[in-house]
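*Asks:* Structural data only, the sequence is not supplied:
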C-alpha cells in the first residue's frame, strides 16, 4: 500500500510537472519566457568588447558564465511565484483535497522549475558562447562545472524559494520579494565584478547563493587569470561548496516545516477571501 | 432514498470559537448512507465553517465529529481518498485540458482501489455522466460557468468517494445552469451511490436536491428533517379565503381543515371560491430563521 502510494505520487507529480512545463512554453506564454534570456544575450553582446583590466578579458566574456549562474538562481523566483499564484487560485487547496496531492504538487513544481531553468540555460548558453571571445571551454572541465553548479544551485535555490514562497501570502508580496532578488542580483557580481563594489555590499552579495553560483560558473568557463578580479583573487572553490551546502541545509530544515504549515492553513474560506480581495483589486 | 445502516457522518455538540466570538454553538448532525443532506442557512450562519471542519481543513474548538468513522482532524490519506470535495472553483488549472486534468487527479486514487471499490472512475464514463464528453479536449478556461462547475463535480467524484461535500456549489450560476446542476446532483447521488452533504442559502435548492434539510442559524441547527416534516413541524398558520355575496373574506388558522368544516357546515351554499393555502416551505423557513434571529419578536408573535 505504502509503496504504491509513493509510486502514484511520483507518477502524477512527474506527469503534472511535464504538462505544466509544456503549457509554460507554448502559445502566448512563450514570448514572456523568451524575454529575459534574450535581454541577457543582448547585454552580453553589447559589452562584448569592453575591457575590464585583465588581459584579453572583456566584460561580455566575464558576464556570460555569471548570467548562467543567475538563471540557475532564477529557479527561486519561479518557486515563489508558483506558490503565491497557486494558493490564490485554489490549485493548492485542490491538491490538499486529494490523497498525496500536496506531495505530487511539490514534485511537479520541482520538475517544471528545473526544466524551465535548463531551457533558459540552453537559450543563453548556445548563442552566448559564440558571442564572446576568451572562454576556456575545452575538455571536460566546463561540463563538470556546469553539472555541479546546476545541481547544487537548483537544490539550494528551490529550497530557498519554497521557504520564502510559503511565508508570503499573496502574489503582490511575491512581487516585492522579486524586486528584492533583483536588487540582490545587482550586488552579486553577475554583471560587474564584485570587487568594484564597496566592502559592505560585497558582504551582502556573498551572503546569498547567487554570487557563488556565478563564481562557480566563472571558475569553470574562464581562464584562471580571470580569477584576479574576484574577491581574494581566487575562485574559492572550497568556500563555494560550504556556502551553498549551508543554504541547502537551511532549506532542508525550514522548507518541509513551512510548506506543511502553509498547506495546513489552506481552506475554502481562505481561497474565497483571496478571490474577493483580488476581484476588488481588479474593479 | 434515505438509507439505513451506520451513519456516514455524525456530529455531536460541535463548537467553534474565534477569539471571543462563538461561530458554532453546539451542532448536532447525522447523515445516513445514500442520503443527500442540505445544510441550509443565511450567510454568516456557520455553514462554511462547519463543512470545513468536516472536510478536515479546519480544527474545531470542541465537540465530537466522525466522518466515515474517523475524526477528520486525524484523517490520513486513505480517509482523504474516500471523501470527495467540490470546491468553489475560481481559475485554477485554466490551461489544463478537461480529460488531462481528470486523468492526472485520478492517478492519486489508484493506490486506494479495492476489489469492491475500484478507484478511480474511468475518466470517459465520468465525463459522460456530467455531460462534458464534447468538452473533453478543451482547455478548462474555455468552459462556461455551468460546465466548469460540472467539471468540479467530476473532480470531486473521480476518486469514487463514499461521501461528497459541496459548499454553495451554485453560487454565481445563472438559473438555467443552476437547474441543470440540480438535475446532475440528483443523478450523481443515485448513480454513484454517494452520500452528499451540500451547503446552500437557497431554500428552493435545498428542497430540490436534498432528502433532508438541516437549518443552521447563528451557529445552531434549529430544525432538521424532510421538507414535509419541516413544514408540519412548525405552527405556521394556513390561510383560508372565500367569497360570500361578492365580498372577499380571509382567515388565518392553525387548523384549516376544522375551520373549513365549520365554515361550510352553516353557510347554506353562500360560500364560493374557497381557497386554502398551506404554509409553504418558504414561509416555514423564513419564520424559523426569523424566530431564531430575533427571539423577542417570536415571543411577541406567540403571545
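*Replies:* Right, received. Where do you want to start? Keep in mind that this is a model prediction, so the values were computed, not measured.

*Asks:* Helices of the stretch 1-150 of chain B, start to end?
*Replies:* B:47-54, B:77-81, B:98-107, B:123-129, B:145-157 (DSSP state H, counting those that start in this stretch).

*Asks:* any residues touching the second one, and which ones?
*Replies:* For helix B:77-81, contacts defined as C-beta atoms under 8 Å, 6 or more residues apart in numbering or on different chains pick out A:5, A:97-100, B:56, B:67-68, B:70, B:72, B:109, B:111-112, B:119, B:159, B:161. Bear in mind the C-beta positions are built from the backbone N, C-alpha and C, glycine included.

*Asks:* try 6 Å this time
*Replies:* Helix B:77-81 is contacted from outside by A:99-100, B:70, B:109, B:112, B:159, using C-beta atoms under 6 Å, 6 or more residues apart in numbering or on different chains.

*Asks:* how about it: buried residues?
*Replies:* B:77, B:79-81 (16 or more other C-beta atoms under 10 Å in any protein chain shown).

*Asks:* rewinding a little: in JSON lines: the contacts of helix B:77-81, plus pLDDT.
*Replies:* Shown next, in JSON lines, are the contacts of helix B:77-81 (pLDDT from 0 to 100):
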{"residue": "A:99", "pLDDT": "96"}
{"residue": "A:100", "pLDDT": "94"}
{"residue": "B:70", "pLDDT": "96"}
{"residue": "B:109", "pLDDT": "97"}
{"residue": "B:112", "pLDDT": "95"}
{"residue": "B:159", "pLDDT": "95"}
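
*Asks:* from the middle of its chain, how far away would the strand or helix carrying residue B:184 be?
*Replies:* In the assignment (DSSP states H and E), residue B:184 maps to helix B:175-191. Relative to the centre of its chain, helix B:175-191 is centred 12 Å away, using C-alpha atoms, centre = their mean, to the nearest Å.

*Asks:* Where does the prediction get shaky in the chain?
*Replies:* You didn't say which chain, so I picked chain A. A:1-3, A:282-283 (pLDDT under 70).

*Asks:* My question was about chain B, not that one.
*Replies:* For chain B (pLDDT under 70), the answer is B:1-4, B:89-90, B:233-236, B:291-303.

*Asks:* Centroid-nearest residue for it?
*Replies:* Central residue of chain B (C-alpha atoms, centre = their mean): residue B:38, 2.0 Å from the mean position.

*Asks:* Identify the bridge partners of that residue.
*Replies:* Under DSSP bridges, the beta-bridge partners of residue B:38 are residue B:198, residue B:213.

*Asks:* From residue B:7, how far out is residue B:32?
*Replies:* Counting by C-beta to C-beta, to the nearest Å, the separation of residue B:32 from residue B:7 is 6 Å.

*Asks:* anything in contact with each of those two?
*Replies:* By C-beta under 6 Å, 6+ apart, no residue touches both residue B:32 and residue B:7.

*Asks:* Near chain B, which residues of the stretch 1-150 of chain A are found?
*Replies:* Contacts of the stretch 1-150 of chain A with chain B, taken as C-beta under 6 Å from any C-beta of the partner chain, map to A:4-5, A:8, A:11-12, A:15-16, A:23, A:89-91, A:94, A:97-100.

*Asks:* about what we covered before: check the contact between the residue nearest to the centre of chain B and residue B:198; I expect there is one.
*Replies:* Yes. Using C-beta atoms under 6 Å, residue B:38 is in contact with residue B:198, at 5.2 Å.

*Asks:* Identify the residues contacting the host helix or strand of residue A:177?
*Replies:* Using DSSP H and E, residue A:177 falls within helix A:171-186. Here helix A:171-186 makes contact (C-beta under 6 Å, 6+ apart) with A:80-81, A:84-85, A:88, A:164, A:168, A:208, A:210.

*Asks:* from the middle of its chain, how far away would that helix be?
*Replies:* Taking C-alpha atoms, centre = their mean, the mean C-alpha location of helix A:171-186 is offset from the chain mean by 12 Å.

*Asks:* Give the buried residues for that helix.
*Replies:* Under the neighbour-count criterion of 16+ other C-beta under 10 Å, helix A:171-186 has A:171, A:174, A:177-178, A:181, A:184-185 buried.

*Asks:* just checking, next helix/strand downstream of it?
*Replies:* Using DSSP H and E, the helix or strand that follows helix A:171-186 in sequence is helix A:199-207.

*Asks:* so what secondary structure elements neighbour that following helix?
*Replies:* The contact analysis (3 or more C-beta pairs under 6 Å, 6 or more residues apart in numbering or on different chains; DSSP states H and E) places helix A:199-207 against no helix or strand.

*Asks:* Give me the distance from the helix or strand just after it to the chain's centre.
*Replies:* The helix or strand immediately downstream of helix A:199-207 is helix A:209-221, counting by DSSP H and E. Helix A:209-221 has its C-alpha centroid displaced from the chain centroid by 13 Å (C-alpha atoms, centre = their mean).

*Asks:* go on, stretch B:136-152?
*Replies:* Computed by C-alpha atoms, centre = their mean, the chain-centroid distance of stretch B:136-152 equals 23 Å.

*Asks:* and the end-to-end length of it?
*Replies:* Stretch B:136-152 has an end-to-end distance of 14 Å (C-alpha to C-alpha, to the nearest Å).

*Asks:* That stretch: which residues count as buried?
*Replies:* B:139-140, B:143, B:146-152.

*Asks:* Contacts for stretch A:195-211, please.
*Replies:* A:73, A:156, A:184-185, A:187-189, A:194, A:229, A:231, A:244, A:247.

*Asks:* returning to what we had before: same for the helix holding residue B:184, what does it pack against?
*Replies:* For helix B:175-191, the elements it packs on are helix B:203-209, judged by 3+ C-beta pairs under 6 Å, 6+ apart.

*Asks:* hmm, back to that, and of the buried residues of helix A:171-186, the nearest to chain B?
*Replies:* Distance to chain B across the buried residues of helix A:171-186 (C-beta to the nearest C-beta) is lowest for residue A:171, with 12.3 Å.

*Asks:* which bits of chain B sit near chain A?
*Replies:* Those residues of chain B that sit near chain A, judged by C-beta under 6 Å from any C-beta, are B:48, B:52, B:57-58, B:77, B:80-81, B:85, B:90-92, B:95, B:104, B:107-108, B:110-111, B:167.

*Asks:* That concludes my questions; thank you for your assistance.
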